[in-house]
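>>> pasting the sequence and the predicted coordinates here, then a few questions.
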Amino acid sequence: MAKSTKTIKAQQPNSTTTSETIYDSPDLLSLKLQETSRKYRKVFFIVLGVIAVVALAYIGFNYYLEQQEKEAQEEMFAAQYYIEADSLKKALNGDGNRLGFKQIIQDYPWTKAANLARFYVGVIYLKEGKFEEAIENLRKFSSNDLLLQGRAYALLGDAHMELKKYNEAIKYYKKAADYKPNKYHTPIYLMKLALSYEQAKKYEAAILTYEKLIKNYPNSSDYVNAKKYKAYLEQITGK
């Protein structure tokens with residue numbers, strides 16, 4: 001019986017043959033590497049496809065915008081002619097053949113032409129006494145142009161002055177005066193700002209604004225009036 005037991009023990013598998021030994025097999029390791037490679041290749045091609053779709057969409061949208069801009073600029077020509085000729089209704093609503101500024105904004109909303117059209121619409125509404133509508137359009141206008149952006153701020157100030165919202169007027173006149181200061185337009189905006197301070201009974205701020213104009217823009221056509229109004233305010237306030 002003892003001899004039989006020894007024989008059985010000799011035939012048992014070596015206890016050191018574990019799962020680690022199996023996974024160290026070169027064939028199985030190669031299969032694992034191939035499976036991992038296939039997985040990451042799939043992810044790579046998915047990402048590449050998404051990038052390609054986004055790039056094509058971007059190019060397509062830019063082309064679309066270019067075409068929209070071209071069409072809008074062509075339509076703008078007639079509207080600009082009408083506003084210069086003081087035909088405000090045709091400038092605003094079109095003449096039956098060409099679009100007016102309002103329709104350009106609606107049909108070409110993402111274009112530079114539509115942005116400029118908002119400025120013109122604001123100007124027209126201000127002339128027509130529709131101050132809330134003027135404010136709504138001028139607030140949506142944005143430009144880096146030295147003349148137009150400063151003027152848009154000033155027009156917003158004018159509209160608020162008409163509505164007797166003096167603090168809002170002050171805010172926009174200040175923006176106009178601070179926007180790219182220059183000897184041509186800034187003195188005009190400073191005068192408007194000082195007058196809005198007066199309406200708001202902020203006389204000290206008005207005096208300081210007149211002083212700024214007098215000091216920085218002595219050659220301005222507003223120089224004499226600024227000195228006169230400043231002297232008057234100093235007299236009534238005892239400054």
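Yep, that arrived.
>>> what's the closest non-adjacent residue to the residue nearest the centre of the chain?
Residue closest to the average C-alpha location in the chain (Cα atoms, centre = their mean): Ser142, at 7.1 Å. With sequence-adjacent residues excluded and distances taken as Cβ to Cβ, 6 or more residues apart in numbering, Ser142 is closest to Asn115, at 6.6 Å. C-beta coordinates here come from the backbone N, C-alpha and C atoms, glycine included.
>>> now do the contacts for Tyr179.
For Tyr179, the contact set (Cβ atoms under 8 Å, 6 or more residues apart in numbering) comprises 149-150, 153.
>>> out of those residues, who's nearest Met161?
Distance to Met161 across the contacts of Tyr179 (Cβ to Cβ) is lowest for Tyr153, with 12.8 Å.
>>> hang on, isn't the closest one packed against Tyr172?
Yes - the pair Tyr153 and Tyr172 passes the contact test of Cβ atoms under 8 Å, sitting 4.9 Å apart.
>>> between the two, which one's more packed in?
Between Tyr153 and Tyr172, counting by other Cβ atoms under 10 Å, Tyr172 is the more crowded of the two (26 against 22).
>>> and that one, what's its pLDDT?
Listed pLDDT for Tyr172 reads 98.
>>> just to revisit the earlier point, what about the residue nearest to Ser142, neighbour count?
Counted with other Cβ under 10 Å, the neighbours of Asn115 add up to 18.
>>> try the one 4 residues further on
Here the neighbour count serves as a burial measure; for Phe119 (other Cβ under 10 Å) it reads 22.
>>> surely Phe131 touches Leu163?
Yes - with contact defined as Cβ under 8 Å, Phe131 counts as touching Leu163 (5.3 Å).
>>> for the two, indicate the residue with more neighbours.
The residue with more neighbours, out of Phe131 and Leu163, is Phe131; 18 against 13, by other Cβ under 10 Å.
>>> list the contacts of the more buried one.
With Cβ under 8 Å, 6+ apart, Phe131 has these contacts: 125, 159-160, 162-163.
>>> what two of those residues are the furthest from one another?
Greatest spacing in these, by Cβ to Cβ: Tyr125 and His160 (13.5 Å).
>>> show me where the chain has helices.
All helices of the chain, identified by DSSP state H, fall at 2-11, 19-23, 26-84, 88-93, 101-107, 112-127, 131-140, 146-162, 166-178, 186-199, 203-216, 223-237.
>>> quick one: contacts of stretch 218-238?
183, 187-188, 190-191, 194, 198, 203-204, 206-207, 210-211, 213-214, 217, 239.
>>> now with 7 Å, please.
With Cβ atoms under 7 Å, 6 or more residues apart in numbering as the test, stretch 218-238 has contacts from 183, 187-188, 191, 194, 203, 206-207, 210-211, 213-214, 217.
>>> what residues of it count as buried?
Using 16 or more other Cβ atoms under 10 Å as the test for burial, stretch 218-238 gives 220, 222, 226, 229-230, 233.
>>> ok so, going back, hey, which of the helices of the chain is tucked in deepest?
Highest mean neighbour count of the helices of the chain: helix 186-199, a mean of 23 (counted as mean count of other Cβ atoms under 10 Å).
>>> and the angle from that one to helix 166-178?
Orientation check (axes from the mean of the first three to the mean of the last three Cα atoms, to 10 degrees): helix 186-199 against helix 166-178 gives 160 degrees.
>>> can you state the direction angle for helix 186-199 and helix 223-237?
When the same axes, to 10 degrees is applied, the directions of helix 186-199 and helix 223-237 differ by 20 degrees.
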